[in-house]
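Novice: just the structure for this:
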Amino acid sequence: MASQMMEMRQALKPLMLAGVATVLLAGAGSAAATGTTGLYLGGGVGQMEGEGSFDDKADHWKLVGGYNFGWLPFLDLGAELAYGSGDGLDGEVNGRSATLEVESFQAMGVAGMSFGPLGVYAKAGMSDWDAEQQGRGVNEDFSGTDPIYGLGARLQLLGLTGRLELERLDTDDVGDLDMFTAGVVYTF
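Specialist: Next comes the predicted model:
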């Protein structure tokens, strides 16, 4: 009887190995399909919120381009460049009404995790920004290079990736700017 059990185990071993290999290959295939490697371009629209003298909300838009490196199945690593611009934030400077318009160029590293067609990511880098404050007697230009960082979630479908992200441009001159963006990117 013991020899029959041993023979049965020996016969089942190749079937078990084939089953495990099939599951691993299927999982790796879907992971590779979601962490698409290559150049991507896209854009988004959303809302920007200021603080301090310009504690207001305004619409904004941005264009993005980047590259994803597909080194590991579930880990997404990349680099991204972006240009963003917003409508004027209303506020008050020295008791006078004013608006603040901000535009920025951003360079960031991106790291995330893939879960099938869904993914989450974090990004951090630097932003070279310019701001124009306009109002009666309070016109002034500001500029700087400051940290920018954020979190996002994405859904990939048929070569297009929808993204929702929250970013913060950390400036001392005009206060922090928080940006919520809904966008789409296409990977080549």
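
Novice: residues contacting the most centrally placed residue in the chain?
Specialist: Central residue of the chain (CA atoms, centre = their mean): residue 152, 4.7 Å from the mean position. By CB atoms under 8 Å, 6 or more residues apart in numbering, the residues touching residue 152 are 112, 120-123, 163-166. C-betas here are computed from N, CA, C, even on glycine.

Novice: and residue 173, by the same measure?
Specialist: Per CB under 8 Å, 6+ apart, neighbours of residue 173: 131, 142, 144.

Novice: run a quick neighbour tally on the first one.
Specialist: Meaning residue 131. The number of residues packed near residue 131 is 22, by other CB atoms under 10 Å.

Novice: which of the residues in whichever strand or helix holds it are buried?
Specialist: Using DSSP states H and E, residue 131 sits in strand 118-135. For strand 118-135, the neighbour count (16 or more other CB atoms under 10 Å) marks 119, 121, 123, 125-127, 129, 131, 133, 135 as buried.

Novice: what strands line up against it, and which way round?
Specialist: Strand 118-135 has its sheet partners listed here by DSSP bridges as strand 96-115 (antiparallel), strand 140-157 (antiparallel).

Novice: point out the most buried one among those strands.
Specialist: Of all the strands paired with strand 118-135, strand 96-115 carries the top mean neighbour count, a mean of 18, counting by mean count of other CB atoms under 10 Å.

Novice: chain center to it, what's the gap?
Specialist: 10 Å (CA atoms, centre = their mean, to the nearest Å).

Novice: now do stretch 78-96
Specialist: Distance, stretch centre to chain centre, for stretch 78-96: 19 Å (CA atoms, centre = their mean).

Novice: what's the average pLDDT for it?
Specialist: Taken as a whole, stretch 78-96 carries a mean pLDDT of 93.

Novice: tell me who's in contact with residue 64.
Specialist: Counted by CB under 8 Å, 6+ apart, residue 64 has contacts 40-44, 80-82, 183, 185.

Novice: tell me which element it is part of?
Specialist: Going by DSSP H and E, residue 64 is part of strand 57-69.

Novice: how close does the nearest residue to residue 178 once chain neighbours are set aside sit to residue 57?
Specialist: In space, and not counting its chain neighbours, residue 178 is closest to residue 49: 4.7 Å by CB to CB, 6 or more residues apart in numbering. Distance, residue 49 to residue 57, using CB to CB, to the nearest Å: 5 Å.

Novice: how much space between the nearest residue to residue 129 once chain neighbours are set aside and residue 142?
Specialist: With CB to CB, 6+ apart as the criterion, residue 129 has its nearest non-adjacent residue at 3.8 Å, and that residue is residue 104. Residue 104 is 12 Å from residue 142, where distance means CB to CB.

Novice: can you check residue 48 too?
Specialist: 15 Å.
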